[in-house]
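Colleague: Provide a 3D model corresponding to the input given below.
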Amino acid sequence: MTIIISIIILFLILYLNFSLKKNFWDASSLFLIENLFLVLVAFQFFFGEYQFEGSVFIWLDFVCLVFVLGTLAGNSIYIKIWQTTNTKDDSTIVIKQHTCNRRYYMFLATFICLGIIGALLQLFSYGFNLSSFRSVESFLAMNAKVASNRYSGSESSVSTFTQILLCFSYASPLLGGYLLSISKGKFRKMLCVLSLLPIVIIMLYTNTKVGFVASVFLIATGYIVGYQRNFATYPIISAKTIVLLIFGAMAFVAVLILVMSIRIGELSFQTLQVVVGKFMDYGFGEIKALDVWFANYNEGGHDMGYNTFMAVFNFIGIGTKKQGVYELLPGATSNVFTGYRGVIMDFGLIGGIIFYALLGLLSGIASSKIKYSQKSLFSMFFLMSVYFFNFHSLLISPWVYTSYILAFIICIFAAIISEKVSFAWV
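Modeller: Numbers count the residues shown, from 1 in each chain. Here you go, the predicted structure:
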C-alpha cells in the first residue's frame, strides 16, 4: 500500500513540475521520470513475489519534492541576480550559439582513438589478442574467462598508463553527446555516435555492462545540456524524437541482453529466456535491494560523503574501494542498492533530503546561468555532473569510480582549449 501511495505522490509532483516548467528535459523532470519509471517497473515485476516494506519510497518522495523546489528556487535566484546586474535595455535573453570548431572534433577523434588503444592494451594484459575475435567459439571462451576472473577477484591488473587511457572511453561519449547537440553533416554526427565504440569494445570482452550503461548516460547528458547551452532551450519533442527514443531504448536493451547471453557462453533460445529473467533482476532489482536494506536501517553515525564520493576519499588516502562496494543481503536479488543508500549512509535521512535540496538549488542556478549568460562553461559541466549523478544513481553514485571524475576533468580542459577561454570566462 505504501508503494502505491508513493507512486501517486510522484505522479502529482511530476504534474506540478511540468505545469510550471512545460518541459521534460530539465534536471528535475528527468529525475522524477527516471525514479517513477524504476519504481513502477520494479513494483510490477516483483508484484506477488516480494512484499515491499515501502518506507524508503516515502523518503524518495520527499527527495523528489525538495529537488524540484530547489531547482525552482535556483532558477529564481539567478534570474533576480541577472536582472539586477543588467540594464533594462539588456534585460532580454541574447541567444548566441557556441560554435563547435574543428578543435572540438579533433579532441573527440583523439579521445576515441585513445579509448580504443586503452581497450586493446587491457585485452592484451588479459593474455588475449585480436585473433580471439576470429570465431564465435574463441570469442565466447575469451569472454567467459575474463568475466569469471573479474567476478572471482582474480582479474589481471593493468598498468597505470592503460587505466588513464581507459578514462578516454568515458570522456569520448560525454564530449560526443555535447557535439551531437549542434553537429551538422553526417560525418560529424557519425563521429559523435562512434564515441561509444571504445566502451563497446571493452564490454564485448569483459562483459562489464555498467560501463556501457554509464556511457549511454554520458552521451545523453552531453546532448541535453549541450543543447541547452547552445540554443538556450531544451530539445524539441517531435514524433521523430519519440521514434528515435523508442528505437534507441530497444537497441540499448537488446545490447545488454546480448552481452548477458555471451556471459553464459551459449547463444540459444533457451539461453535468451534465462537471460531475460536475469535482466529484470539486474535492471530493476536495485529497488528491491534498497527496500530490503532500508527496512533494517538504523540511524547512527554518518560517513559524511564517503559512500557518495568514494573515489575522492580514496584519492586522498581515506578508505579503499572494494569489489562490488556492497555485499548481497538476504532477501535481495542484487548487491546494487541505487545511489540513495550511499546518500543515506553519508548524511542520514534528513541530511540526505537536505543534500538533494542543495543539489537542486545549485543545478537550478547553473541551468539559468547557461540560459542567460555566455560565460557558462563551468556551469555547463556542473549541470552535466548533476544529470549524470542522477542518471547513474539508479545503480550507484558515479563518484565511486575515479574514471568518471577524470573523464569530466579531461573534457573540461578540452573545452577550455577548444573555445580559447580564460578561467574568468566560466
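
Colleague: ok, and the closest non-adjacent residue to Gly360?
Modeller: Gly70 (2.4 Å; C-beta to C-beta, 6 or more residues apart in numbering). (C-beta placed from N, C-alpha, C; glycine too.)

Colleague: the one you found contacts Phe355, doesn't it?
Modeller: No. Gly70 is not in contact with Phe355 according to C-beta atoms under 8 Å; the separation is 10.3 Å.

Colleague: who has more neighbours out of the two?
Modeller: More neighbours surround Gly70 than the other of Gly70 and Phe355, with 23 against 20 (other C-beta atoms under 10 Å).

Colleague: quickly find the element holding the more buried one.
Modeller: In the assignment (DSSP states H and E), Gly70 maps to helix 55-84.

Colleague: Phe18 too?
Modeller: Under the criterion of DSSP H and E, Phe18 resides in helix 2-21.

Colleague: packing partners of that helix?
Modeller: Helices and strands touching helix 2-21, as assessed by 3 or more C-beta pairs under 8 Å, 6 or more residues apart in numbering; DSSP states H and E, comprise helix 27-46, helix 55-84.

Colleague: other residues contacting it?
Modeller: Helix 2-21 has contacts (C-beta atoms under 8 Å, 6 or more residues apart in numbering) with 24, 28-29, 32-33, 35-36, 39-40, 43, 52-55, 57-58, 60-61, 64-65, 68, 72.

Colleague: which positions in it come out as buried?
Modeller: Within helix 2-21, the residues scored as buried using 16 or more other C-beta atoms under 10 Å are Ile3, Ser6, Ile7, Ile9, Leu10, Ile13, Leu14, Asn17, Phe18, Lys21.

Colleague: can you give me the helices in the stretch 251-400 of the chain?
Modeller: Using DSSP state H, counting those that start in this stretch, the helices of the stretch 251-400 of the chain run over 269-295, 310-315, 338-372, 377-392.

Colleague: quick revisit: weakest of the helices and strands packed on helix 2-21 in terms of mean pLDDT?
Modeller: Among the helices and strands packed on helix 2-21, helix 27-46 carries the lowest mean pLDDT, at a mean of 88.

Colleague: how about residues contacting that one?
Modeller: With contact meaning C-beta under 8 Å, 6+ apart, helix 27-46 is reached by 3-4, 6-7, 10-11, 13-14, 17-18, 21, 23-24, 52, 57, 60, 64, 67-68, 71-72, 224, 280, 283-288, 360, 363, 367, 383, 386-387, 390-391, 394.

Colleague: which ones are touching Cys411?
Modeller: Applying C-beta under 8 Å, 6+ apart, the residues near Cys411 are Ala171, Leu174, Leu175, Tyr178, Phe381.

Colleague: just give me the closest of these to Ser418.
Modeller: Set against Ser418, the nearest of the contacts of Cys411 by C-beta to C-beta is Leu175 (9.4 Å).

Colleague: check which helices and strands the helix or strand where that closest one lies sits against.
Modeller: With elements taken from DSSP H and E, the one containing Leu175 is helix 160-180. Secondary-structure packing of helix 160-180 (3+ C-beta pairs under 8 Å, 6+ apart): helix 102-125, helix 186-193, helix 197-206, helix 209-231, helix 402-419.

Colleague: give the buried residues for the second one.
Modeller: It stands for helix 186-193. Counting neighbours by 16+ other C-beta under 10 Å, helix 186-193 gives Arg188, Leu191, Cys192 as buried.

Colleague: isn't the last one right next to Leu174, touching?
Modeller: No. At 11.0 Å, Cys192 does not count as touching Leu174 under the criterion of C-beta under 8 Å.

Colleague: what is in contact with the two at once?
Modeller: With contacts taken as C-beta under 8 Å, 6+ apart, Cys192 and Leu174 have Ile219 as neighbours in common.

Colleague: okay, now the unreliable bits of the stretch 301-426 of the chain?
Modeller: For the stretch 301-426 of the chain, applying pLDDT under 70 flags the ranges 321-324, 421-426.

Colleague: redo that, cut-off 80
Modeller: 301, 318-325, 373-375, 420-426 (pLDDT under 80).

Colleague: with the stretch 101-250 of the chain instead?
Modeller: 101, 126-158, 205-208, 237-238, 240-241.

Colleague: if we go to 90?
Modeller: Low-confidence segments of the stretch 101-250 of the chain, defined by pLDDT under 90, are located at 101-103, 120-160, 162, 181-186, 201-210, 229-250.

Colleague: related to what we said a few turns ago, now the helices of the stretch 251-400 of the chain as TSV including distance to Lys184?
Modeller: Supplementary listing: the helices of the stretch 251-400 of the chain in TSV, determined by distance: least, C-beta to C-beta, whole Å:
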stretch	distance to Lys184
helix 269-295	35
helix 310-315	37
helix 338-372	21
helix 377-392	20
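
Colleague: nearest to Gln228, of those?
Modeller: Gln228 lies closest, by C-beta to C-beta, to one member of those: helix 338-372, at 5.6 Å.

Colleague: for that closest one, packing partners?
Modeller: Other elements packing on helix 338-372 under the criterion 3+ C-beta pairs under 8 Å, 6+ apart are helix 27-46, helix 55-84, helix 209-231, helix 269-295, helix 377-392.

Colleague: in stretch 249-263, which residues are buried?
Modeller: Neighbour counts using 16+ other C-beta under 10 Å place Val255, Leu256, Ile257, Val259, Met260, Ser261, Ile262, Arg263 of stretch 249-263 among the buried residues.

Colleague: and that stretch, how far out from the chain's middle?
Modeller: Stretch 249-263 sits 18 Å away from the centroid of its parent chain (C-alpha atoms, centre = their mean, to the nearest Å).

Colleague: next one: Val243 from Ala249, what distance?
Modeller: According to C-beta to C-beta, to the nearest Å, Val243 stands 11 Å off from Ala249.

Colleague: cool, Ser334 as well?
Modeller: Distance of Ser334 to Ala249, given as C-beta to C-beta: 21 Å.

Colleague: show me what stretch 243-261 is in contact with.
Modeller: Stretch 243-261 is touched from outside by 203-204, 207, 209, 212-213, 216, 267, 271-272, 275-276, 278-279, 282-283, with contacts defined as C-beta under 8 Å, 6+ apart.

Colleague: neighbour-wise, which of those residues leads?
Modeller: Counting by other C-beta under 10 Å, Met203 has the largest number of neighbours within the contacts of stretch 243-261, with 25 neighbours.

Colleague: how much space separates the nearest residue in space to it that is not next to it in sequence from Ser28?
Modeller: Using C-beta to C-beta, 6+ apart and skipping residues adjacent in sequence, the residue nearest Met203 is Phe212, 4.7 Å away. Distance of Phe212 to Ser28, computed by C-beta to C-beta: 26 Å.
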